[in-house]
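S.K.: structure for this input, please:
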Amino acid sequence: MAATFAISGQHYLFDVQTFAHTVLALGGDEYSYALRDRTTQGVIDDVVSGASELGVIVQTSQTAAEIDAALDAVGLEFHELIQSTPRVALPKSHPMVNAATLSLEDMEGYPYIYFEQEPGSPACFAEEALAQVPRAKSIACTDRASLSELIVALNGYTITSGILVGISDGSSLDTVPLETDETLHLGYVARKGEELDEVGIRFVETLKKNLERYARF
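M.R.: As a prediction, the model looks like this:
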């Protein structure tokens, strides 16, 4: 019988590499796995329905209480693995890339690229820290590769965890610390009272190691 395992996650690179590490470590002649890039609502829906065993998300110090309440209402809970600080992701050729730190004011003249959420989703479901701050130039997209390409093509930026590890669509970007007091909380959501299976436990252990190894402050 083929092994099965599925996770859903927001559009971050670190869960992709962790998923690949897990598949390589498990090996096997037969398996049926799934890795689903989703909006925040999509991650929640997949875990609630059982389509995915767990979901990888990032909360911020400003959104954590609202997200925890939304998760609790549908029988899920968030498990924090590590804290980090937001960073500005921008092209390696960007004129601001060598700055020691950047503020949102420094980036006002450049296009802000972000991940679009489901229509009607609460503001706290945004995948980027400080997403509520108005921008003169903003572009929504739904695909990780498209976001990276747009940042490079338009000399734009986004706000991210700064964990760009070993995946091709992060190779043309660099990150600079963002001047903010906001904190990122990186972890996963799972159904309350349900233990992860063996593959799920392996994935979470690998995810924690990768986050601890690559997190930047």
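S.K.: and the closest residue to residue 62 other than its chain neighbours, how many neighbours?
M.R.: Closest residue to residue 62 apart from its sequence neighbours, by CB to CB, 6 or more residues apart in numbering: residue 182 at 6.0 Å. (C-beta placed from N, C-alpha, C; glycine too.) Residue 182: 14 surrounding residues under other CB atoms under 10 Å.
S.K.: surely residue 161 is in contact with residue 88?
M.R.: No - with contact defined as CB atoms under 8 Å, residue 161 does not reach residue 88; the gap is 11.4 Å.
S.K.: tell me how far the residue nearest to residue 62 lies from residue 203.
M.R.: The gap separating residue 182 from residue 203 is 27 Å, by CB to CB, to the nearest Å.
S.K.: what pLDDT does the residue nearest to residue 62 get?
M.R.: Per-residue confidence (pLDDT) for residue 182: 94.
S.K.: just confirm it contacts residue 63, I think it does.
M.R.: No - counting by CB under 8 Å, residue 182 stays clear of residue 63, with 9.3 Å between them.
S.K.: kindly check the end-to-end length of stretch 120-139 for me.
M.R.: Stretch 120-139 has its terminal residues 18 Å apart, counting by CA to CA, to the nearest Å.
S.K.: identify the residues contacting it?
M.R.: Identification of contacts with stretch 120-139 by CB atoms under 8 Å, 6 or more residues apart in numbering yields 10-12, 39-41, 58, 60, 62-63, 66-67, 70, 86, 104, 108-115, 117-118, 150, 154, 156, 158-160, 178, 180, 182, 184.
S.K.: neighbours of the residue nearest to residue 179 when sequence neighbours are not counted, how many?
M.R.: Once flanking residues are discounted, residue 179 sits nearest to residue 103: 4.4 Å by CB to CB, 6+ apart. Burial of residue 103, expressed as a neighbour count using other CB under 10 Å, amounts to 12.
S.K.: I'd say residue 103 and residue 176 touch.
M.R.: No - contact criterion CB under 8 Å: residue 103 and residue 176 do not qualify, at 10.4 Å.
S.K.: for residue 114, list each beta-bridge partner.
M.R.: Assessed by DSSP bridges, residue 114 has beta-bridge partners residue 140.
S.K.: SS state for residue 45?
M.R.: Following DSSP: H, G, I helix; E, B strand; the rest coil, residue 45 is assigned to helix.
S.K.: okay, it and residue 31: tell me how far apart.
M.R.: On the measure of CB to CB, residue 45 and residue 31 end up 24 Å apart.
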